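Q: pasting a predicted model and its sequence here:
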Amino acid sequence: MFAYVDESGDPGHKFNNGSSAHFVVGAVIFQTEDARNACARLVSTIRKELTLPPYREFHFNNCNDKIRTHFFERIIAADFMYLTFGLNKSLLTGKGYQFKDSMYKNTVKMLFENAEPLLRDAAVYFDACSGREFQRELKSYLKTRMTRSDGSCVLSRISSQDSKSDNLLQMADMICGAVARSYRSDRKDAWKYRNIIKKKARSERLWP
């Protein structure tokens with residue numbers, strides 16, 4: 001089993017200085033290697049169908065409506081499921097949420113706690129966009145939190161990869177972006193993309 005994890009928004013609280021109102025972390029999950037590989041090839045095919053350069057990264061916030069719509073309408077044919085866990089940051093009161101790293105790690109933990117019943121011997125991949133020290137801390141934190149009292153763990157390994165060269169991390173970005181957009185009351189297309197992919201959702205939580 002394979003899980004690709006990315007996020008939308010940011011864990012900051014400077015709402016008057018560009019911080020997002022919501023922070024969403026999501027995981028795209030494949031039950032088999034064949035399903036994972038087929039989906040990665042499909043993303044490459046979608047890129048060609050849109051006549052985009054082979055190095056063009058799918059990033060929700062940098063895509064227009066045509067690209068987003070085509071991407072989601074094509075990707076639902078793939079064999080995958082996804083979960084997201086979002087924070088409505090303006091309603092958070094705990095002191096730990098005032099620190100970006102703590103918020104990120106805690107949101108990832110809550111995502112995987114929701115995903116645990118679906119996971120077995122899962123290899124997890126994160127986008128290697130943060131510093132190496134934080135990546136090590138995150139991997140150790142998640143592994144510890146997902147280890148049961150009997151010593152077993154549903155995660156087989158956790159690693160980081162560059163999303164620029166990983167179609168499935170880009171897919172996770174697009175799905176997180178679609179869910180995060182649905183929380184935007186100021187956007188006319190708020191639910192458009194999430195509605196396209198909703199049949200692939202296993203959990204889409206917004207807290208608190």
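A: Sure, I can see it. Numbers count the residues shown, from 1 in each chain.
Q: assign residue 198 to helix, strand or coil.
A: helix (DSSP: H, G, I helix; E, B strand; the rest coil).
Q: where's it relative to residue 23, distance?
A: 21 Å (CB to CB, to the nearest Å). C-beta: built from backbone N, CA, C; applies to glycine.
Q: ranges for the helices of the chain?
A: Here the chain has its helices, by DSSP state H, at 33-49, 65-75, 100-115, 132-145, 167-181, 192-197.
Q: surely residue 181 meets residue 193?
A: Yes: counting by CB atoms under 8 Å, residue 181 does reach residue 193; the two are 6.2 Å apart.
Q: who's more crowded, these two?
A: residue 193 (25 against 21; other CB atoms under 10 Å).
Q: so who does that one touch?
A: Residue 193 is in contact with 68-69, 72, 177-178, 181-182, counting by CB atoms under 8 Å, 6 or more residues apart in numbering.
Q: filter the residues you listed to the buried ones?
A: For the contacts of residue 193, a burial check counting by 16 or more other CB atoms under 10 Å picks out 68, 72, 177-178, 181-182.
Q: ok, those residues vs residue 160, which is closest?
A: residue 177 (20.0 Å; CB to CB).
Q: for the residue lying closest to residue 6 once chain neighbours are set aside, what are its contacts?
A: Nearest in space to residue 6, with sequence neighbours left out and distances taken as CB to CB, 6 or more residues apart in numbering, is residue 172 at 3.9 Å. Residue 172 makes contact with 4-6, 26-28, 82, according to CB under 8 Å, 6+ apart.
Q: ditto for residue 184
A: Counting by CB under 8 Å, 6+ apart, residue 184 touches 21, 190.
Q: pLDDT-wise, which helix or strand of the chain ranks last?
A: Ranked by mean pLDDT, DSSP states H and E, the helix or strand of the chain with the weakest confidence is helix 132-145, at a mean of 90.
Q: and it, how far out from the chain's middle?
A: Centre-to-centre, helix 132-145 and its host chain are 17 Å apart (CA atoms, centre = their mean, to the nearest Å).
Q: which other helices and strands does that helix contact?
A: Packed against helix 132-145 by the contact rule (3 or more CB pairs under 8 Å, 6 or more residues apart in numbering; DSSP states H and E) you find helix 100-115, strand 122-127, strand 155-161.
Q: may I have it exported as PDB, CA atoms only?
A: Output of helix 132-145 as PDB, limited to C-alpha atoms (Å, rounded to 0.1, in the frame of the first residue of the first chain):
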ATOM      1  CA  ARG A 132      16.000  18.100   6.300                       C
ATOM      2  CA  GLU A 133      15.900  18.400  10.000                       C
ATOM      3  CA  PHE A 134      12.100  19.000  10.000                       C
ATOM      4  CA  GLN A 135      11.600  16.100   7.700                       C
ATOM      5  CA  ARG A 136      13.500  13.800  10.100                       C
ATOM      6  CA  GLU A 137      11.400  15.100  13.000                       C
ATOM      7  CA  LEU A 138       8.200  14.600  11.100                       C
ATOM      8  CA  LYS A 139       9.000  11.000  10.100                       C
ATOM      9  CA  SER A 140      10.000  10.100  13.700                       C
ATOM     10  CA  TYR A 141       6.900  11.900  15.100                       C
ATOM     11  CA  LEU A 142       4.500  10.100  12.700                       C
ATOM     12  CA  LYS A 143       6.100   6.700  13.100                       C
ATOM     13  CA  THR A 144       5.900   7.000  16.900                       C
ATOM     14  CA  ARG A 145       2.300   8.100  16.900                       C
END
